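Chemist: Coordinates for the following, if possible.
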Amino acid sequence: MAPRPIFTITHPRACSTAFERVFMTRRDELASQHEPFGDAYYFGPECVSGRFKDDPARREESGVSDATFKSVLEGFDEVARQIVVGWAFDDSKMGEFRLAVTQPIFEHNFLGLMLTIVIQGKRVFIKDMAYYLFPAPGEKAQIAASLGGGEEPNNPTVIPFDMLKQFHFTFLIRHPRRSVPSYWRCCIPPLREVSGFDYFLPSEMGYEELVKFLDWAIERGLVDKDRLTVVDADDLLDNPEAIIRKYCERTGLVFDPSMLKWNDADQEHAEKLFAKWNGFHDDALSNRELKGRTHAQKTLTVEAENQDWEAKYGKEAQKIIRETVDANIPLYEYLKQYCIKV
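Modeler: Prediction:
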């Protein structure tokens, strides 16, 4: 049986696609699931968001208009049954598959060396938005109809607690001064013609849901407060190898520097998975490696930020961006206290 699925829970424009690409290189061991709950949240019969609720043509065009929260969860079980094989002599690394295993299914003394063979399912690796697991803003939390419906005491999400227990949760964040204008850009021409997101919703920034989920996960024991795995995108971009190495240690993966560079097969795999959200991942797809910054990220003053956003997007847009950034900074700073250090 494969180890517990890894669930990297985040908010939009947190450099999560570049982060995700690192683990897509491990197709021998991991089955990457790119924002699967968005299918049910935006397009399925249980759709929570109002963005496409009155646009049946857009939902049908998505190809996932039949997706429910139940079918998404069942999909993880299906990919986890994909079989991979690892082998090793004595205490050497587990073949080309690099499996972190403890239960061999076959051992044989071969010419004085102990041959160990292991067969197990692929480990599921999920990257998704926290707000996809929550009811619409202002709505009361209820379990999704496909998962039984009704209220579950002290559960702010639409997924039953017992189902969430199966995941190893990790978190990825980015400062709102960078994520909010980036998301705005995806909702205006020319990107909105590709993304299909033709207006900006401040509620979709998702910091509030991420904080709610983290606090609830700590309270209910889904995560260990003393061993939280929270990654800040700026730390990742400043020191990618050290951050990814630490993340692998926390999640039971074997780190390999080759994970940070992406060949043609990696590129093809990423393009296929990211096609569902065209327009949002162009920057991540244009790169062939996760390379550390050579210079420190420059932080502008509030006045300089406002001037920059007004020059790029207009005065009214600048006001909305500023309000959204300011509303989410306290939430980001709360999450920041838990970030891993290297």
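Chemist: Kindly list the main-chain dihedrals of Pro189?
Modeler: phi -60, psi 150 (degrees, to the nearest 10).
Chemist: any chance you could map the helices in the protein?
Modeler: With DSSP state H applied, the chain shows helices at 16-24, 37-38, 56-61, 69-80, 161-164, 176-186, 192-195, 207-220, 233-238, 240-251, 264-274, 282-285, 302-313, 315-336, listed in chain order.
Chemist: okay, those in TSV with distance to Ile6, mean pLDDT and mean neighbour count next?
Modeler: C-betas here are computed from N, CA, C, even on glycine. Supplementary listing: these in TSV, determined by distance: least, C-beta to C-beta, whole Å; pLDDT from 0 to 100; neighbours: other C-beta atoms under 10 Å:
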stretch	distance to Ile6	mean pLDDT	mean neighbour count
helix 16-24	8	93	23
helix 37-38	15	97	23
helix 56-61	29	93	13
helix 69-80	11	91	17
helix 161-164	13	98	14
helix 176-186	22	97	22
helix 192-195	27	87	15
helix 207-220	14	98	19
helix 233-238	16	96	19
helix 240-251	5	97	18
helix 264-274	16	80	15
helix 282-285	19	60	14
helix 302-313	34	98	14
helix 315-336	19	99	17
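Chemist: how about these, which one is nearest Ala145?
Modeler: Distances from Ala145 to each of the helices of the chain were compared using C-beta to C-beta; the shortest belongs to helix 69-80, at 8.5 Å.
Chemist: which helices and strands does that closest one pack with?
Modeler: With contacts defined as 3 or more C-beta pairs under 8 Å, 6 or more residues apart in numbering; DSSP states H and E, helix 69-80 has these neighbours: strand 30-34, strand 123-129.
Chemist: The chain - how does it break down into domains?
Modeler: Following automatic domain parsing, the chain resolves into domains at 6-82+123-299+329-336, 83-121.
Chemist: Turn those into CSV, columns for distance to Gln307.
Modeler: Shown next, in CSV, are these (distance: least, C-beta to C-beta, whole Å):
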stretch, distance to Gln307
domain 6-82+123-299+329-336, 13
domain 83-121, 49
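Chemist: about what we covered before: what's the closest of the helices of the chain to Arg4?
Modeler: Of all those, helix 240-251 sits nearest to Arg4, with 9.1 Å by C-beta to C-beta.
Chemist: any residues touching the closest one, and which ones?
Modeler: 6, 22, 168, 170, 227, 229, 231, 235-236, 253-255, 257, 259-260, 290-292, 340, 342 (C-beta atoms under 8 Å, 6 or more residues apart in numbering).
Chemist: Tell me who's in contact with Arg59.
Modeler: With contact set as C-beta under 8 Å, 6+ apart, Arg59 has these partners: 42-44, 47, 52, 65.
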